[in-house]
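Colleague: Could you look at this predicted model? Sequence included:
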Amino acid sequence: MQDVATVKHTFHILLLSGILLCAGFSAQAQSFLTNTQFQRFKQDDGFAVFSSITKYMAAGDAASLSTWFADNLDVTVISSSRSCSRKQAREILRSFFEANTPRSFNVTHKASEANKKYMIGLLNAGGELFQVTIYATSSNGDPYKIQQLNISRQTAY
């Protein structure tokens, strides 16, 4: 009888050890997947593109901002709208920033759908407030590029 009790006890210990071991691996695997998913989210959560853009808008750095431009994009600054090359858009923004020295830029809204990203921000520049709308897309796993940039005077908060 004692041998049967010892066998049952050993079996229960082994069973419990196996369950705990599996639970440990499961928790570790879950933690790994969570970290991997977090890193993927952090790297390309769809809004990573906007962290650099936000920094360049706040600094009035048209040259750095233009690295995020598509080869051709639509640019609207106040009431002047045109489709232009990356180089032309950089010059348009450079002129805007020279006339309106940025003090701050704050993102007020972000949205995404598939490989399309959209951002609205408030630019404090040259003693005025401007609403900035940026639309960026990505295709075939390429980095996001700005397709549309719109800067308009903000009439009210």
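Modeller: That came through, no problem.
Colleague: Do a quick rundown of the helices in this protein.
Modeller: Assigned by DSSP state H, the helices in the chain fall at 2-43, 48-59, 62-65, 86-99.
Colleague: Quick check: closest non-adjacent residue to Val132.
Modeller: Of all residues not flanking Val132 in the chain, Gly121 sits nearest, at 4.6 Å (CB to CB, 6 or more residues apart in numbering). Just so you know, the C-beta spots here come from the backbone N, C-alpha and C atoms, and that holds for glycine as well.
Colleague: pLDDT weak spots in the protein?
Modeller: Residues of the chain that meet the criterion pLDDT under 70 lie in 1-47, 156-157.
Colleague: Longest strand of it, counting residues only.
Modeller: Across the chain, the longest stretch assigned as strand under DSSP state E is strand 102-113.
Colleague: Parallel or antiparallel, which strands does that strand pair with?
Modeller: strand 116-125 (antiparallel) (DSSP bridges).
Colleague: Quick check: buried residues in the partner strand?
Modeller: Using 16 or more other CB atoms under 10 Å as the test for burial, strand 116-125 gives Lys117, Tyr118, Met119, Gly121, Leu122, Leu123, Asn124, Ala125.
Colleague: now these in TSV, with distance to Lys87?
Modeller: TSV is the format used below for the buried residues of strand 116-125 (distance: CB to CB, whole Å):
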residue	distance to Lys87
Lys117	23
Tyr118	25
Met119	23
Gly121	24
Leu122	27
Leu123	22
Asn124	27
Ala125	22
